[in-house]
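Novice: Quick one, structure for this:
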Amino acid sequence: MNIKRKSLTAAAIIATLAGFACSASAKDWKEVRIATEGTYPPFSFIENGKLTGFDVEIADALCAKIQAKCEVVSQEWDGMIPGLMSGKFDAIVASMAITDERKKKIDFTDKYYATPARFIAVKDSGITGTSPADMKGKVIGVQGSTTQATFLEDKYKGSEVKLYKTVDDADMDLANGRVDAVFSDAAILYQWLKTKDGSCCGFVGEEVRDQQYFGVGKGIGIRKEDADLRDKLNEATKAIIADGTYEKINKKYFPFSIY
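Specialist: As a prediction, this is how the structure comes out:
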């Protein structure tokens, strides 16, 4: 009996210590470090030496709702998920599509926006249809390590898919005649088409929506073990939609709703 009591007492002590350890390591999320790209206007870009854009303003609004002091930092796209998983930052607010492949490594909040992918081409290119058959033999520019790149590589076997570090780089090659078309998020392309450089070009073909590749929309990337932060951000997203903050930010960057 004494041995049994001692065993039970030891088990109770271990359980209590484990509880203390969990409490000690639990985060209150009063400070949150957020990564964005910084080279993806109008969602994230540098203006007057400061990060700004739709993603950055949404991140700031969410941080205000969860009453957290947030630092938004610039991170190259290829290092987003590795940086999150290694603890370099706590969340990714960088127009990242929620996909099954990415969910194998990280978790996501609910979507905070959803836009289709589109093709653009020079206005006198003669390109109207954008199916794989229509684009056979064409050179298509796309940002590397994106869902759009994966879609093209899987579906457009008859085209030459040219990968770029940024969408802007691909757009400039389109304007200079080095590629026949560019494929990216419609909202990103819309912004470039409004510029002087983008006046050469326009949308071609139809909107492209494929949940297998592009997911249900863009979400905030979170480590799998940080479900409490995910839940806080989900509630905060609902709150900024309800109080009109989301709509105000949306209208600042787009003449149409992207939610």
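Novice: quick one: contacts of stretch 78-95?
Specialist: 29, 32-37, 40, 43-44, 55-56, 58-59, 62, 72-73, 75, 77, 96, 102, 105-106, 112-113, 144-145, 185, 218, 220-223, 226, 229, 233 (Cβ atoms under 8 Å, 6 or more residues apart in numbering). Using the backbone N, CA and C atoms, a C-beta is placed for each residue, glycine as well.
Novice: Now do the end-to-end distance for that stretch.
Specialist: 13 Å (Cα to Cα, to the nearest Å).
Novice: Tell me which stretches of the chain form helices.
Specialist: For the chain, applying DSSP state H gives helices covering 2-25, 54-65, 80-85, 100-103, 147-155, 167-175, 186-193, 211-214, 227-242, 245-253.
Novice: for the record, mean pLDDT for the first one?
Specialist: Think helix 2-25. Helix 2-25 carries an average pLDDT of 45.
Novice: go on, the fourth one?
Specialist: Per-residue confidence for helix 100-103 averages out to 92 on the pLDDT scale.
Novice: which parts of it are buried?
Specialist: Neighbour counts over helix 100-103 (16 or more other Cβ atoms under 10 Å) mark Arg102 as buried.
Novice: give me the low-pLDDT residue ranges for the stretch 1-150 of the chain?
Specialist: For the stretch 1-150 of the chain, residues meeting the criterion pLDDT under 70 lie at 1-26.
Novice: of the helices of the chain, which approaches Gly126 most closely?
Specialist: helix 167-175 (14.5 Å; Cβ to Cβ).
Novice: Next, the angle from the closest one to helix 186-193.
Specialist: 50 degrees (axes from the mean of the first three to the mean of the last three Cα atoms, to 10 degrees).
Novice: distance between helix 167-175 and the chain's centre?
Specialist: 20 Å (Cα atoms, centre = their mean, to the nearest Å).
Novice: and Asp134, which of the helices of the chain is closest to it?
Specialist: Between those, helix 147-155 lies closest to Asp134; by Cβ to Cβ that is 12.0 Å.
Novice: by contact count, what packs against that closest one?
Specialist: strand 139-143, strand 160-164, strand 181-185, helix 211-214 (3 or more Cβ pairs under 8 Å, 6 or more residues apart in numbering; DSSP states H and E).
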